[in-house]
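Visitor: what shape does this take:
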Amino acid sequence: MTEDKNKTTAIRWSEFRFAIIGPLLASPPKKGELQQALNILSKKLWMHPTTGEIVCYSVKTLQRWYYLAKSSEQPINSLAYKKRSDAESFPTISEALSKLINSQYKAHSSWSFQLHHDNLQVLVKNDDSIESIPSYNTIRRYMKFYGLTKKRNPKKYKTMAAQLAAERFENREVRSFEVEYVNALWHLDFHHGSIKILDANGEWRKPLLLCILDDHSRLVCHAQWYFDETAETLVHGFMQALQKRGIPRSLMSDNGAAMISAEFTEGLSRLSIIHDTTLPYSPYQNGKQEVLWGQFEGRLIAMLEGKSDITLKFLNDATTAWVEFEYQRKVHKEISCAPLDRYLSSKNVGRDSLSTQELRECFCLQIKRKQRKSDGTISIEGKRFEVPSRYRHMEHLVIRYPRWDLGFVFLVDEKSNTLLERVFPQNKTQNASGQRRLKEDVQQIDEQAPQQEGIAPLLKELMEEYAQTGFPPAYIPKGE
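Guide: Coordinates of the predicted model:
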């Protein structure tokens, strides 16, 4: 018989018994010859359907199988393995012992079955209501039947968030998911590499891999190795993914410092990308990304074992070649096609990418700063920046900039949230030359407009009202 691991125990037993008895049903023995046929079968050796051991069966057992099959319209069903009437009952475990097992499990859910059994033996000695304790196998079957299996101990986690994550993992279902369209959801994460490479300073360092993955197609939108995990590095890699594959509708990442930095989150908001973060200490929620690391380590890094002087450039060149010509084009077992084929054939809900300059302007921190009236400057990250004189009337200014590049600072219109112009750091050496520009007009004045003559309208109105009262002047004239 061919072995099929997907068959149940009942089916294996029925097919096994029918293979032994079936020939007697196909060619029934003549009257008085059944016993002889059964004797011949009892001397044969058979392979046990579940354990694989070599076994033989008595005439009595074979006779019982024969009559069961002969008297049934469906012989193979009648020969199936019958569940014992007491299969799901535990007569050796009393109600008192059952309560004791459950109470001990509630207090120590992280214990092994053996540890539970050993402690129960001690407790039973001091409890007169329980006569004896069953064997370890019985206790183990009982606990497995009622789901009293070993769980992670949340007390070993140091922080409250870690304890809550462990409890949530034990109490909540974990389900796989997949979005319906390409570029509907991207996954993003950093991975600490297992190899050390040589940097420009001649030091051996472990690199980090930034990888961005499309959920529906499993396509790697961008993968690049770096020496750090900062917001600048993240934006550098993510911008390349956007320019390669377009702008996605949503992004999932963990709660790393770079992922929740102001520059990155504000940039996603300006690009209308929904940012979903996994719960703390719950990497399984970003499972597709975590599984991908195994392929990078098991195939790409494994093929670099023979090279000793690996540099960052060489590692990125090798990664790009492996991703584009193997991973993207190889059939993915879960989706039954290559990621690149699925990416190109599925409906794409993404949007076209912006230019490099526009993307740089998006991934910036936006803050307010008070302008110094004395010299028309503002302070950003401990440095003074000069504000053009046409904005000298504004007390507070909105500024947009990335913290890693203070040469890329913009003034922003607070109402429309559009960029006005760049501002630059104060150049005191140039200012020491003594040359000063003329102040720009805050508002353009029409020089052709007629000039007002005489007194101001308000004073004229007040004098007319006073004259209408008829009162004499409230002063004594002299020398008029």
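
Visitor: need the strands for the stretch 301-450 of the chain, in chain order.
Guide: When assigned using DSSP state E, counting those that start in this stretch, the strands of the stretch 301-450 of the chain occupy the ranges 365-370, 377-380, 383-386, 396-401, 409-412, 419-425.

Visitor: what packs against the second one?
Guide: In other words, strand 377-380. With contacts taken as 3 or more C-beta pairs under 8 Å, 6 or more residues apart in numbering; DSSP states H and E, strand 377-380 sits against strand 365-370, strand 383-386, strand 396-401. The way it works is simple: take the backbone N, C-alpha and C, and place the C-beta from them, glycine included.

Visitor: okay if I get the strands of the stretch 301-450 of the chain as CSV plus distance to Lys330 and mean pLDDT?
Guide: Compiled in CSV, the strands of the stretch 301-450 of the chain are given as follows (distance: least, C-beta to C-beta, whole Å; pLDDT from 0 to 100):
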stretch, distance to Lys330, mean pLDDT
strand 365-370, 41, 93
strand 377-380, 48, 91
strand 383-386, 50, 90
strand 396-401, 43, 93
strand 409-412, 44, 93
strand 419-425, 44, 90
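
Visitor: want to throw those into TSV with distance to Val323 and mean neighbour count?
Guide: Compiled in TSV, these are given as follows (distance: least, C-beta to C-beta, whole Å; neighbours: other C-beta atoms under 10 Å):
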stretch	distance to Val323	mean neighbour count
strand 365-370	32	14
strand 377-380	39	18
strand 383-386	40	16
strand 396-401	33	18
strand 409-412	35	20
strand 419-425	35	14
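
Visitor: export these to CSV and tack on distance to Asn286?
Guide: Rendered in CSV, the data for those read as follows (distance: least, C-beta to C-beta, whole Å):
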stretch, distance to Asn286
strand 365-370, 25
strand 377-380, 35
strand 383-386, 38
strand 396-401, 30
strand 409-412, 33
strand 419-425, 34
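
Visitor: next structured bit after the one helix or strand in the chain whose mean pLDDT sits lowest?
Guide: Across the helices and strands of the chain, mean pLDDT, DSSP states H and E gives its lowest value to helix 160-171, namely a mean of 68. For helix 160-171, the succeeding helix or strand toward the C-terminus, using DSSP states H and E, is strand 186-192.

Visitor: what are the contacting residues of that next one?
Guide: Under the criterion C-beta atoms under 8 Å, 6 or more residues apart in numbering, residues 206, 208-215, 221, 229, 234, 238, 241, 248, 250-254, 256, 258-259, 286, 288-290, 293, 296 lie in contact with strand 186-192.

Visitor: ok, of the residues you listed, which come out buried?
Guide: In the contacts of strand 186-192, burial by neighbour count holds for 208-215, 221, 229, 234, 238, 241, 248, 250-254, 256, 258-259, 286, 288-289, 293, 296, counting by 16 or more other C-beta atoms under 10 Å.

Visitor: leaving out sequence neighbours, find the closest residue to Gly295.
Guide: Not quite, residue 295 is Gln, not Gly. Tyr327 (6.8 Å; C-beta to C-beta, 6 or more residues apart in numbering).
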